[in-house]
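A.B. asks: Here is my input; please provide its structure:
(2 chains)
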Amino acid sequence: MDRRTFLKSALVAGAGAGLAPLLKIVPTVRAADAPSSTLAVTEGTDYGVLATRVIDALGGISGFVKPGHRVVVKPNIGWDRNPDQAATTHPDIVTAIIRLALAAGASQVQVFDYTCNEERRCYVNSGIQKAVESIGDSKVRCEFIDRRKFVPMTIEKGKSITKWDFYKDAIDADCYINVPIAKNHGISKLTLGMKNCMGVIGGNRGQIHFSIGQRLADLNYVLRPELTIIDATRILVDNGPQGGSLDDVRVKNTVIASRDIVAADAYATTLFGMKPEDIGSTVAGYQLGLGEMDLDKIRIVRA
Amino acid sequence: MAKRSRRKLGWVRAGVQTLALLVFFWLFRITDYNGSDNLPAAVNWLFRLDPLSALSAILASRAWIPMMIPALVIAIATIVLGRFFCGWLCPLGALLDLFHRLFPHKQSGAVPKQGIPGYLILAGLLATSLFGLNLTGLLNPFSILVRGLTLGVDPVFHRYVTSLFTVLYLHAPSWITVWTEPLYRMLRDTVLPFRQVYFALAFTSTALLVSVFILERFSRRYWCRMICPAGALFSLLSRFSLLRGSGGGACGACEACRSVCRTGAIDERRAISSEACVLCMDCLDVCPRDFVRFGFRRPRERHAAVDVPRRALIGATLTGLIAPGLLAIRAPAGAIPPGRIRPPGAIPEPDFLARCVRCGECMKVCPGNALHPALVQAGPEGLFTPVLLPRAGYCEFNCTLCGQVCPTGAIRTLTQDEKHRTVIGLAWFDKNRCLPHALGTPCIVCEEHCPTPDKAIKFHEVSVPGQEGLVKQPYVVPELCIGCGICETKCPLPGPAAVHVQAVGEGIINRGA
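C.D. replies: Down below sits the predicted model:
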């Protein structure tokens, strides 16, 4: 049962009971979804090209998006900051991924994030809304979070949290592409692929901080992105995750991609001069079986 | 003059009135973040046209407010034409007329004539303003209208519409939602506000607006004739108006004009009071023998002016002086109440109270739903003035909209750079409740959200007994904190936050950034 059919049946059952459904998810690791722990990394200054290159290095977009798929591209649009300030995913990377998904036959591409600052300001200042709309395809929608769409789900193997509200469209997608930006963060040290799931969960999100590493792993146990593409073209090295001063921005011109979210995070950590084991969510994710954190065991393709 | 062309004049008035109401609602709706940092137009135009807001703010602040020049134009036009504003442009008047049309009540005889209380209220409010305290916003009809709509009617409208579509979305079969969801999207893009907002004093503000409509049940334009201080000011100016209506003389005694007059402006002799007449032109339409005329020639029959008793006028004026005096002798004078967190760009408090007309526009436009009408936070003199309630919402770092919509300059328009450095408060930690301090639990959501480029909330890494590793305990750097309140809004503790923003006074510019 994939996420989509599962959710539909659960919603119907919930509606029938007249109560908010408490969903259970039993992840069935399909052969194609098994973490291959291959990672692609590339450098350059045309950020859209970089995104295309890393996806090609992983076998091309057709390995992820099938004709008719409903695709979610989930960038970090969390803050009212402009692209130079390196708090949000670069719009060129977002649009390059969308164009590939469309070319692969996606029936619909949704872009959204549950922002921290006022959502309209974030969508505008990040440049993402305008960039996505400029694609001019009715299949592509840059949407604000619709609060009706959070559904409670059980996290079967969760160690710190066992249930949480998830965004229906994210869970429901045929292909969920996770597109975080790599940056400094006070409590988790870095915010990378696994932390980007904060933008598709509801509830009292601040409480995730109480045990951030484990809780992020628990959340990602449900979410399971098909592909994680980390924007490390500009990284914030201090005063993250929203920054604001260009003094804290380092230009790395790097994009990283993998099916394995833990591997992607592990590699991105090295750009900050840290080790994978320094990041709690990476360790917890590895222990939960979400992916590989040992860089020696990851096949790294330089595209 | 042919009867038909006159009828057209009545329709023209109704058309203009409707158009003005629609423009008002349109301005109300666009008083919101629109994707740009600059708002080209807002509902503040209503206040910029209002002579009462202008006069009271100028009297109280003893400053010329250039933004208010349109109000001067309206005042001069009133001296020429009379109380046309009330009959042609006023959105509240239009709503009252619409209300009467929807819920007509049987009325015996003519509407009572212009009353005295409005003049007394006006005298009292202007006396208060003269001594530096502007309380007109409490009873200004435009403030009552915009406040009632902003704080109560609009959020309730959104609530009901959204609830309906949410129920359908969650429980209706797909052959229904396939229609209702696009309809809901269309409504969201057009008439619905962007998000559900929540306001302090929602009930009080709405009740005040509703009571104006309840008064309409007693007789037509009851509010406008008896209480409205803006109407009283228009009346006063209209005493000298050049355009005059006249009827009577050799006409019969059909009373058609008197019974149709919404403001009781026509007396037994069919003389028309320029103080009361709102130039609705209904009498022109109904007069069977075309005796009613409007022109710049002095009519033969003069309507007696409203005679305000001198003692009452003196009494009202003296009453108006009580409040400013009481404020001056209050203890502890000069102390800043901790909850009086004014919007960024608010001018120092005495000047702020001189100018603020309590219209609620800053609250309407605030994208963080952070600005709320004060109940007690700013003292009794500050009722309905804007304060930041940081547990409810925070001030967006890059936003300068409240200053842009303020019609009187009580909130200055800041550049984004000025805004980044404007201090409205200071955050204080409650270490007895803050999780990393009290329990050693990791948290620092406050630090994550702190928007200053050099964060005003930093942390010490401390070894806590019973906790593995080091715990990050937050603290505030006062030199960097601007008091935006996001730390208090986002604090994940249930109930009161463990970090509180308190007022520090207005007009302080941070040296940082």
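
A.B. asks: which residues does the residue in the stretch 151-300 of chain A that chain B sits nearest to contact?
C.D. replies: Closest to chain B within the stretch 151-300 of chain A is residue A:206: 2.9 Å, counting by CB to the nearest CB. Bear in mind the C-beta positions are built from the backbone N, C-alpha and C, glycine included. Contacts were defined as CB atoms under 8 Å, 6 or more residues apart in numbering or on different chains; by that measure residue A:206 touches B:443, B:445, B:490, B:491, B:492.

A.B. asks: ok, the first one - contacts?
C.D. replies: With contact set as CB under 8 Å, 6+ apart, residue B:443 has these partners: A:187, A:206, A:209, A:210, B:434, B:435, B:436, B:474, B:492.

A.B. asks: So what's the residue count around the closest residue in space to it that isn't next to it in sequence?
C.D. replies: Computed as CB to CB, 6 or more residues apart in numbering or on different chains, the closest residue to residue B:443 that is not its neighbour in sequence is residue B:435, at 4.5 Å. By the measure other CB atoms under 10 Å in any protein chain shown, the count of residues near residue B:435 is 23.

A.B. asks: What of residue B:185?
C.D. replies: 13.

A.B. asks: State the three-state secondary structure for it.
C.D. replies: Assigned by DSSP: H, G, I helix; E, B strand; the rest coil, the conformation of residue B:185 is helix.

A.B. asks: Quick check: the closest residue to residue B:357 other than its chain neighbours vs chain A, distance?
C.D. replies: Nearest non-adjacent residue to residue B:357, counting by CB to CB, 6+ apart: residue B:137, 4.2 Å away. When distances are taken as CB to the nearest CB, to the nearest Å, residue B:137 and chain A turn out to be 27 Å apart.

A.B. asks: and the residue of the stretch 151-300 of chain A closest to chain B, which of the three is it?
C.D. replies: Counting by three-state DSSP, the backbone at residue A:206 sits in helix.

A.B. asks: If you count neighbours, what's buried in stretch B:363-379?
C.D. replies: Neighbour-count burial for stretch B:363-379, with 16 or more other CB atoms under 10 Å in any protein chain shown as criterion, is recorded at B:363-374, B:377-378.

A.B. asks: Residue 150: neighbouring residues, count only.
C.D. replies: All of this is about chain A. The local packing count at residue A:150 equals 19, with neighbours defined by other CB under 10 Å.

A.B. asks: not what I meant, chain B
C.D. replies: Counted with other CB under 10 Å, residue B:150 comes out at 26.

A.B. asks: Next: the one 4 residues further on.
C.D. replies: By the criterion of other CB under 10 Å, residue B:154 has 18 neighbours.

A.B. asks: near chain B, which residues of chain A?
C.D. replies: Taking CB under 8 Å from any CB of the partner chain as the criterion, chain A approaches chain B at residues A:15, A:18, A:80, A:116-118, A:120-121, A:124-125, A:148, A:185-187, A:204-207, A:209-212, A:239, A:241-245, A:248.

A.B. asks: Would you confirm that residue A:97 contacts residue A:73?
C.D. replies: Yes - under the criterion of CB atoms under 8 Å, residue A:97 makes contact with residue A:73 at 5.4 Å.

A.B. asks: Redo the contacts of residue A:206 as CSV? Include secondary structure and pLDDT.
C.D. replies: Rendered in CSV, the data for the contacts of residue A:206 read as follows (DSSP: H, G, I helix; E, B strand; the rest coil; pLDDT from 0 to 100):
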residue, secondary structure, pLDDT
B:443, coil, 96
B:445, helix, 97
B:490, helix, 97
B:491, coil, 97
B:492, coil, 96
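
A.B. asks: residues in contact with the closest residue to residue B:277 other than its chain neighbours?
C.D. replies: The spatially closest residue to residue B:277, leaving aside those adjacent along the chain, is residue B:265, at 4.0 Å (CB to CB, 6+ apart). Under the criterion of CB under 8 Å, 6+ apart, the neighbours of residue B:265 are B:113, B:114, B:245, B:272, B:273, B:275, B:276, B:277, B:278, B:303.

A.B. asks: now do residue A:177
C.D. replies: Remark: with contacts taken as CB under 8 Å, 6+ apart, residue A:177 is in contact with A:64, A:71, A:72, A:73, A:74, A:97, A:101, A:225, A:226, A:227, A:228, A:229.

A.B. asks: tell me the helices in the stretch 101-250 of chain A, going along the chain?
C.D. replies: With DSSP state H, counting those that start in this stretch as the definition, the stretch 101-250 of chain A shows helices at residue ranges A:119-125, A:128-134, A:168-172, A:212-223.

A.B. asks: I'd like the average pLDDT over the longest one.
C.D. replies: What that stands for is helix A:212-223. Here helix A:212-223 scores 96 as its mean pLDDT.

A.B. asks: which residues touch the residue of the stretch 1-150 of chain A found nearest chain B?
C.D. replies: For the stretch 1-150 of chain A, the residue closest to chain B is residue A:118, as judged by CB to the nearest CB, at 4.5 Å. Applying CB under 8 Å, 6+ apart to residue A:118 gives the contacts A:80, B:33, B:367, B:368, B:396, B:399.

A.B. asks: Residue A:181 versus that one, what's the distance?
C.D. replies: As defined by CB to CB, to the nearest Å, residue A:118 lies at a distance of 19 Å from residue A:181.

A.B. asks: what does residue A:126 give?
C.D. replies: As judged by CB to CB, residue A:126 and residue A:181 stand 10 Å apart.

A.B. asks: Chain neighbours aside, what residue packs nearest to the residue of the stretch 151-300 of chain A closest to chain B?
C.D. replies: Counting by CB to CB, 6+ apart, residue A:206 lies nearest to residue B:492, which is 2.9 Å off, once chain neighbours are set aside.

A.B. asks: Burial check on that neighbour, number of neighbours?
C.D. replies: Once other CB under 10 Å is used to define contacts, residue B:492 is seen to have 17 neighbours.

A.B. asks: wait, it sits on residue B:445?
C.D. replies: Yes - proximity of residue B:492 to residue B:445 meets the contact threshold set by CB under 8 Å, at 5.4 Å.
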